[in-house]
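sequence first, then the predicted structure, then my questions.
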Amino acid sequence: MAELNLSINFTQPIAHRELIGILSPAYQLNPGDRLNLSISLSNNMVHSDSLLIVASGIDHMRQDGVDVQITIQGESTYASRINFYRLIDVPFNEQFIRRNNAGRFIELKSFDKDSLYPLQDELNMILYQNGGINKEVLQLLFYCLSEIMDNIIVHSGLEKGWVSAQYYPNRHEIRLTICDHGDGIHHSLTHNPKSRYKEVTEPEALDLCIQRGVTNGEGLGFGLFATSQFILKNDGDLLIYSGNHYLLAHHGDYQIHEGNYYKGTLVSLRINTDVPVDYKSIMPAHHTLPDDYDFFIDKYFGENNELW
């Protein structure tokens, strides 16, 4: 039986790539092995998507039969409010009243094929209700969110994925992360009998996954293409991490890098809420995105929403 000691310090800023680098050795553990994980927290702001990477990873390892023992140094009421302590099964005495999230965030959540669409609706409703977000941004986010979450269920080889979302109105940005601990992008592209890309390398697979029309045969190959174009035109940030490589889009361009091993696929977005992007510059001609989004809004917020 192997034993591994790891430490994560959330009292200092930490990028997703650094966090994955810390956790990477734990993905090599086998059933019966032990992980001793020390986590430092404080009431300084820690991003929910960073906590999602840890919580989902711990869940995967425990499901895989790894004995994960966790020690917490310090505390964070924000981490408690978004259910981080509950998800990693560490007791925490909440000394606050749980109030409505006021359109700013969702608790860290897992989703499956049954909860997928209600969760998508919840996320879109939270962002719409808060106000202050450009409508063109909401429309494209409405589409991309659906595509990425659908991809998790269709391509990961697993029955569930994970999501976090936080809106920062003062910074005019949304941080959204969706991840799984399944087969990964390279495996999905190279192992499906319907795929035309069985010989590509892992970095080539990451490059291909954001190209229009690239699919393993199970979809249209448009979701990650539209998402990447949206982020590039929005001047936001996009991180797609899968296996030993990651794609980083920033300031209108993207690069692919070799990194530490990540089990599955992580898609993380930082979206500028005040930088509109014309959907016609991305979507096929005559796409119904504006009508689809308006129908969704009318369903939940229109005058006749009681009919639904």
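Happy to help now that I have it.

distance of the nearest residue to Glu94 once chain neighbours are set aside from Leu37?
Residue nearest to Glu94 in three dimensions, not counting chain neighbours: Ser80, with 5.5 Å by Cβ to Cβ, 6 or more residues apart in numbering. C-beta: built from backbone N, CA, C; applies to glycine. As judged by Cβ to Cβ, to the nearest Å, Ser80 and Leu37 stand 18 Å apart.

what's the answer for Pro118, then?
32 Å.

looking at those two, which has the bigger crowd around it?
Leu37 (22 against 10; other Cβ atoms under 10 Å).

go ahead and confirm that one touches Asp67.
No. Counting by Cβ atoms under 8 Å, Leu37 stays clear of Asp67, with 10.9 Å between them.

Asp121: neighbour count?
Look at Asp121: counted by other Cβ under 10 Å, it has 15 neighbours.

chain center to the longest helix along the chain, what's the gap?
Taking DSSP state H as the criterion, the chain has its longest helix at helix 135-155. With Cα atoms, centre = their mean, to the nearest Å as the basis, helix 135-155 stands 11 Å off its chain's centre.

CA atoms of that helix as PDB?
What follows is helix 135-155 as a C-alpha-only set of coordinates in PDB (Å, rounded to 0.1, in the frame of the first residue of the first chain):
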ATOM      1  CA  LYS A 135     -27.600  40.200 -23.200                       C
ATOM      2  CA  GLU A 136     -25.400  39.000 -26.000                       C
ATOM      3  CA  VAL A 137     -23.100  37.500 -23.400                       C
ATOM      4  CA  LEU A 138     -26.000  35.800 -21.700                       C
ATOM      5  CA  GLN A 139     -27.200  34.300 -25.000                       C
ATOM      6  CA  LEU A 140     -23.900  32.800 -25.900                       C
ATOM      7  CA  LEU A 141     -23.300  31.600 -22.400                       C
ATOM      8  CA  PHE A 142     -26.700  30.000 -22.500                       C
ATOM      9  CA  TYR A 143     -25.600  28.000 -25.600                       C
ATOM     10  CA  CYS A 144     -22.100  27.200 -24.500                       C
ATOM     11  CA  LEU A 145     -23.100  26.000 -21.000                       C
ATOM     12  CA  SER A 146     -25.500  23.500 -22.500                       C
ATOM     13  CA  GLU A 147     -23.000  22.200 -25.000                       C
ATOM     14  CA  ILE A 148     -20.100  21.800 -22.500                       C
ATOM     15  CA  MET A 149     -22.300  20.100 -19.900                       C
ATOM     16  CA  ASP A 150     -23.800  17.800 -22.500                       C
ATOM     17  CA  ASN A 151     -20.300  16.800 -23.600                       C
ATOM     18  CA  ILE A 152     -19.400  15.700 -20.100                       C
ATOM     19  CA  ILE A 153     -22.300  13.200 -20.100                       C
ATOM     20  CA  VAL A 154     -21.800  12.000 -23.700                       C
ATOM     21  CA  HIS A 155     -18.000  11.800 -23.900                       C
END
